[in-house]
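In: A structural model of the following input is requested.
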Amino acid sequence: MIDIHISPGEHAEFSKTIGESDVNLFAGLTGDFAQIHIDAAFASRNGFGQRIAHGVLVLGLLSTTSSMISQRSIERGCKGVPVSLGYDRIRFLKPVLLGDTITARYTVESVDVEKARTRSKIEAVNQRGELCLAGEHIMKWIEPQA
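Out: Numbering: from 1, shown residues only. The predicted structure is shown next:
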């Protein structure tokens, strides 16, 4: 059994201002060139009145916070290797506009010692305090190879 050295209630945060280059680079990386993300003229006439960030780009900020929790576990002596099992119940609740500063929040809600897993609440909040993304992350610690 792996001692993961993480307890319910632990949390991590990471903030980033989403800029035009972030959205353009993400579009190039993923191939998602939807007009609402990359075409200012189109976006100004539709939906939100301006370009918005890809929802999955915003979700990606939560990867940083899960890595922060993983690193904390390792620093405390965990011998297991932390890996993501996935994200559940992801909801994109508000658009993230270019220039928004997003704070990714990660809170460990439960630890399953037998399965060496954690379930964590994830959120992304903009500078106005609006919840833009909510969901859950499952992480597992696996035995290192001998």
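In: before we move on, which element is the residue nearest in space to the middle of the chain in?
Out: The structure's the chain has its C-alpha centroid closest to Leu62; by CA atoms, centre = their mean the separation is 1.8 Å. Using DSSP states H and E, Leu62 maps to helix 55-75.
In: how about the strands of this protein, start to end?
Out: 11-17, 81-92, 101-112, 117-125, 131-142 (DSSP state E).
In: just checking, what packs against the third one?
Out: Translated: strand 101-112. strand 11-17, helix 55-75, strand 117-125, strand 131-142 (3 or more CB pairs under 8 Å, 6 or more residues apart in numbering; DSSP states H and E). For the C-beta atoms, the positions are set from N, CA and C on the backbone; glycine is no exception.
In: Tell me which other helices or strands the helix holding Leu62 touches.
Out: strand 11-17, helix 20-30, strand 81-92, strand 101-112, strand 117-125, strand 131-142.
In: check contacts around Ile138.
Out: Ile138 is in contact with Ser84, Leu85, Gly86, Tyr87, Asp88, Arg117, Thr118, Arg119, Ser120, counting by CB atoms under 8 Å, 6 or more residues apart in numbering.
In: excluding its backbone neighbours, what's nearest it?
Out: Leu85 (4.2 Å; CB to CB, 6 or more residues apart in numbering).
In: and Met139, how many neighbours does it have?
Out: 22 (other CB atoms under 10 Å).
In: Rebuild the helices and strands packed on strand 101-112 as TSV, extending it with distance to Ala104.
Out: Shown next, in TSV, are the helices and strands packed on strand 101-112 (distance: least, CB to CB, whole Å):
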stretch	distance to Ala104
strand 11-17	5
helix 55-75	4
strand 117-125	5
strand 131-142	8
